[in-house]
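Undergrad: attaching a predicted model along with its sequence, questions to come.
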Amino acid sequence: MTAKQLILFDLDGTLIDSAGDLHDAVNRMLAALDRAPLTLTQVIGMIGNGVPTLVKRALAASPGAPVEHETAMIHFNRAYDAEPTRLTTVFPGVATTLELLAATGRQLAVCTNKHESSARHILGKLGLAQYFRHLIAGDSLPFRKPDPRVITETLSRLKLTTGDAVMVGDSEVDAATAAAAGVDFILMTYGYHHGPVEAIAADHRLDRFADLAPLFV
Ligand SMILES: O=C(O)COP(=O)(O)O
Ligand SMILES: [Mg+2]
C-alpha cells in the first residue's frame, strides 16, 4: 500500500460509530408514522446504501398505514439532522491514524453514501474535517456507491489512476464499489456489514483502525 497516493474512506461504520443516532432517527420517524420501533441490530443491517434506502428498509420492516417515501424521508431527516452526533462517536485510533497518514503527504478523501450536508456537519463536529481534502457524498454526484464512478470520476478529476488509490470501508457496498472501480480494498471488520464479514472480499482485513498505519509507512 506504500505506493497509494489517495486513500478513500467510508464514513459510517469505518470512521464513526453512528448507528445509535441513525437508530434513534429511524425510530422517531416510525413513531411519527404510528409504526413500531426497530432494534439497533435491525437498523445496523440497513445502513450502507444511503438514507433513502435506509428509510425504505425501515418502512418495510415495520409495517403500517401506507405512507409516501418522501414524507417518511422528511420525518427521518428532521430527526437525524437535529442531533446527528448525540450518540455518535469516532472509532478508537481514527484521529491519530488520520493525522499520521495525512503527514505522509497522501490525499485523504471521504467517500460516503450519507448526504453531503450531514457528512460535512458530522466531520466538523467530531473534529475530523481537517484531515480530508475531498468529500464525495451520496448526493455529491448523480450516482452513489456501489456505482464505481464515485471512485473513477474522482481519480480522473485528480489525474490519478486506479493503481494510485485504495478504498477503506466496512461493508459489502464499499467492497463492491472498490472491486467495480478496480481499486484495492481494505475492510474494517468492526463496522456495519449485512452478511458474514468473512464473505466480504478484501486485500486486507483489519480489526482496528490503528492497524492501517503500518500498511502505509
Ligand atoms: O448512509 C449510509 O447508509 C451509509 O453511509 P456510509 O457510506 O458512510 O457507510
Ligand atoms: Mg459504511
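TA: Right, received. Where do you want to start? Ligands and ions are numbered 1, 2, ... in the order given.
Undergrad: what residue spans form the domains of the chain?
TA: 6-17+88-216, 19-82 (automatic domain parsing).
Undergrad: just for the chain, where's the confidence low?
TA: When residues are selected by pLDDT under 70, none of them lie in the chain.
Undergrad: show me the helices in it, by range?
TA: Assigned by DSSP state H, the helices in the chain fall at 19-32, 40-44, 51-61, 69-82, 94-103, 116-125, 149-157, 172-181, 213-216.
Undergrad: save the domains of the chain as JSON lines, and put in distance to ligand 2 and mean neighbour count too.
TA: (Glycine included, C-beta is placed from N, CA and C.) As requested, the domains of the chain are exported to JSON lines (distance: least, C-beta to the ion, whole Å; neighbours: other C-beta atoms under 10 Å):
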{"stretch": "domain 6-17+88-216", "distance to ligand 2": "4", "mean neighbour count": "19"}
{"stretch": "domain 19-82", "distance to ligand 2": "5", "mean neighbour count": "17"}
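Undergrad: okay, the helices of the chain in CSV with distance to ligand 1 next?
TA: Shown next, in CSV, are the helices of the chain (distance: least, C-beta to the nearest ligand atom, whole Å):
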stretch, distance to ligand 1
helix 19-32, 8
helix 40-44, 10
helix 51-61, 5
helix 69-82, 10
helix 94-103, 13
helix 116-125, 7
helix 149-157, 10
helix 172-181, 7
helix 213-216, 21
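Undergrad: TSV for these, including distance to L6?
TA: Shown next, in TSV, are the helices of the chain (distance: least, C-beta to C-beta, whole Å):
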stretch	distance to L6
helix 19-32	27
helix 40-44	29
helix 51-61	26
helix 69-82	29
helix 94-103	11
helix 116-125	18
helix 149-157	7
helix 172-181	12
helix 213-216	12
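Undergrad: no further questions, thank you.
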